[in-house]
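> Any chance you can model this:
(chains A and B)
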Amino acid sequence: MAAQPVIHIACSDRHRNGKTLLARVLVDYLMLDGRDPFVIDAGFPDGPLRNYFPGRTALVDFEATAGRMKLFDTILGSPGRDYVIDLPSEQTDNFFKACVELGFIAEAQRHGFRIVVLFVVDQNPDSLKSAATLETRVRPDLVVPVRNAFIGSTLTDAGHRTVIDIPALDPEIMALTEAKRFSFRIFLLDDGQGLNPPQKTRLKSFLYEIMVGLRNIAPAVSLQALKN
Amino acid sequence: MKPTLILVGADKGGVGKTTISRALLDFFSRKNVLTRAFDTENPRGTLHRFHPGITEIIDLGNVAHQMKLLDTLETANVPVTLVDLKAGNMSYALDMFDRIGVLEAAREGLFHLGLFHVIGPSIASLDEMAEISKYVKGVQYVVARNFINETNFFEWDQATHRKYFAQIPKALEIDIPKLNEMAYEQVDLAGVTFKDFVENRGPDGEPNKFSFVLRGYVRRWSSEIDAEFSRVKLIQDLLTGGRGAQLQPMAQAS
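Here you go, the predicted structure:
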């Protein structure tokens, strides 16, 4: 049986804490898993994700009604595949407010989607509160807190819930991966993409740790569905 | 049950009176209350375009058309008759209704009469209210402030507002909220009712593919309007068979 399509929303209430990196790894992870994700980059006008996934990315200006139509109508008009939405922090509140007002979550679920929010919890205590509020306010299928070791997080004890950890990575290697044509997927499929052996080892370990967390999402969503 | 006649008018054009007529017809449809409507924008009515099945275009100055509207209030077997008065025609219509005894008949309780006066932000709108105040005794008078196009009622300072509304103490003020411009345009373009747009249906009831986002905006707007209409005692009585809550006059509300 084909897995149920998922709308992944990578977000946070604060900027520069690794959301886009997470969304990028997630897209590559889904593609490595044989899925066919479509990316919605709400980082208008720059579109940081668009460069990495040309041909499968829509750049959206969420401030404009036309942008909202592009985002929501694209998803509901083409169900049956995964979506990854990269949401800049300044649009997070607007986005979820619109979701509630328009009844998007329920409508997407009616179209057969599961909705997973990946929320980067940083060192500010409000960040953790915001993540918790989303669960009751928006009622997605799952909210997954994300800890980024590079910036720190207030989330220490996660209990039994699914958490994604982004380990710290040498700034030098990070800079290499930020090159326009660098693909994590192609790198993992044995193309070094200009990295030397020690850099390759460190990057593989970095991606492996994130992907272990991402791999736990599907079972956690299924478990949550059973609980509900 | 006594029939209800609802007049929707303004002495100024472009304040959204037909939009409010459309919203009222949708509201009654959602509440399963049968309606018929008369569009006095003769010869080509906008209301008729959106509700062709229940709307007839008439010329209020024509006696035969007056008869078609007024002499059938009871026999039409439809609880609500709505009249969308042509722009700039409200005072004329009220004067005409007064002369032929319609207002008197309503005061005597032969039928229920409501007047939705759609106003813009200008002082001229307040002047209109003063002008028609002599007609509204015994009528459920509703002042509809239309924010649909993001109107800003900046010209109404509190003192001016009180001065005008003091003349009509039983008036009820309702607000028609703003609707997203693109959503409004799409409904207009599709030529369907707001209700059909929300339900993703075309003019003949066929399934359509309207934008989910725009439908969401219209759905939310409709629910906000429903809340406003539900405050009108005339409407409460219609929905509850006369057991509606007490009218909250504008003086108390503000």
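> show me what contacts residue 57?
By default, I'm working from chain A. A:Phe38, A:Val39, A:Ile40, A:Asp41, A:Gly47, A:Leu49, A:Arg50 (C-beta atoms under 8 Å, 6 or more residues apart in numbering or on different chains). The C-beta positions use only the backbone N, C-alpha and C, and glycine is treated the same way.
> That was the other one, I meant chain B.
Residues in contact with B:Ile57 (C-beta under 8 Å, 6+ apart) are B:Phe38, B:Asp39, B:Thr40, B:Glu41, B:Asn42, B:Pro43, B:Arg44, B:Gly45, B:His48.
> Low-confidence stretches in chain A?
Applying pLDDT under 70 to chain A flags residues A:1-2, A:157-160.
> Point me to the helix or strand that includes A:Asp73.
If you go by DSSP states H and E, A:Asp73 is part of helix A:65-77.
> can you tell me if that helix touches chain B.
Yes. With C-beta under 8 Å from any C-beta of the partner chain as the measure, helix A:65-77 is seen reaching chain B through A:Thr65, A:Ala66, A:Arg68, A:Met69, A:Phe72, A:Asp73, A:Leu76, A:Gly77.
> so what does the helix or strand just after that helix touch, helix or strand wise?
Beyond helix A:65-77 in the direction of the C-terminus, DSSP H and E gives the next helix or strand as strand A:83-86. Using 3 or more C-beta pairs under 8 Å, 6 or more residues apart in numbering or on different chains; DSSP states H and E as the contact definition, the elements that strand A:83-86 packs against are strand A:6-11, helix A:19-32, strand A:38-41.
> For the stretch 101-250 of chain B, which segments count as helices?
When assigned using DSSP state H, counting those that start in this stretch, the helices of the stretch 101-250 of chain B occupy the ranges B:102-107, B:123-132, B:158-165, B:181-190, B:194-198, B:212-229, B:233-240, B:250-253.
> Mind checking those for the one nearest to chain A?
Each of the helices of the stretch 101-250 of chain B has some distance to chain A by C-beta to the nearest C-beta; the shortest is helix B:212-229, at 3.1 Å.
> re the thing from before, angle of the helix holding A:Asp73 against helix B:212-229?
Using axes from the mean of the first three to the mean of the last three C-alpha atoms, to 10 degrees, the direction of helix A:65-77 lies 110 degrees away from that of helix B:212-229.
> what packs against helix A:65-77?
In this structure, helix A:65-77 makes packing contacts with strand A:38-41, strand A:57-59, helix A:89-102, helix A:104-110, helix B:181-190, helix B:212-229, judged by 3+ C-beta pairs under 8 Å, 6+ apart.
> out of those, deepest packed?
Ranked by mean neighbour count under mean count of other C-beta atoms under 10 Å in any protein chain shown, the helices and strands packed on helix A:65-77 are led by strand A:38-41, which reaches a mean of 23.
> Against which helices or strands is that strand packed?
For strand A:38-41, the packing partners by 3+ C-beta pairs under 8 Å, 6+ apart come out as strand A:57-59, helix A:65-77, strand A:83-86.
> Please work out how many residues are found near B:Val192.
Taking other C-beta atoms under 10 Å in any protein chain shown as the neighbour definition, B:Val192 ends up with a count of 24.
> looking at it, it is touching B:Gly202, isn't it?
Yes. Proximity of B:Val192 to B:Gly202 meets the contact threshold set by C-beta atoms under 8 Å, at 6.4 Å.
> shared neighbours of those two, which are they?
Listed as contacting both B:Val192 and B:Gly202 by C-beta under 8 Å, 6+ apart are B:Asn208.
> Name the residue most distant from the centre of chain B?
B:Lys209 (29.0 Å; C-alpha atoms, centre = their mean).
> That one and A:Ala98, how far apart?
Separation of B:Lys209 from A:Ala98 (C-beta to C-beta, to the nearest Å): 20 Å.
> try A:Arg114
For A:Arg114 relative to A:Ala98 (C-beta to C-beta), the value is 19 Å.
> ranges for the strands of chain B?
Counting by DSSP state E, one finds strands in chain B at the ranges B:4-9, B:35-39, B:55-57, B:80-84, B:112-119, B:140-146, B:172-176.
> Kindly report the residues of the stretch 51-200 of chain B close to chain A.
Counting by C-beta under 8 Å from any C-beta, the positions of the stretch 51-200 of chain B adjacent to chain A are B:Asn180, B:Glu181, B:Met182, B:Ala183.
> Spell out which parts of chain A neighbour chain B.
Taking C-beta under 8 Å from any C-beta, the part of chain A that reaches chain B is made up of A:65-66, A:68-69, A:72-73, A:76-77, A:98, A:101-104, A:107.
> what do you get if the cut-off is 6 Å, keeping everything else the same?
A:Thr65, A:Arg68, A:Met69, A:Phe72, A:Asp73, A:Leu76, A:Glu101, A:Leu102 (C-beta under 6 Å from any C-beta of the partner chain).
> In this structure the fourth one contacts B:Ser211, no?
Think A:Phe72. No. Contact between A:Phe72 and B:Ser211 fails when scored by C-beta atoms under 6 Å: they sit 8.0 Å apart.
> quick one on the thing from earlier: now the helices and strands packed on helix A:65-77 as CSV including distance to A:Arg139?
Written out in CSV, the entries for those read as follows (distance: least, C-beta to C-beta, whole Å):
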stretch, distance to A:Arg139
strand A:38-41, 20
strand A:57-59, 25
helix A:89-102, 9
helix A:104-110, 6
helix B:181-190, 25
helix B:212-229, 16
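> For A:Asp170, which of the ones you listed is the nearest?
Ranking those by proximity to A:Asp170 (C-beta to C-beta) places helix A:89-102 first, at 25.2 Å.
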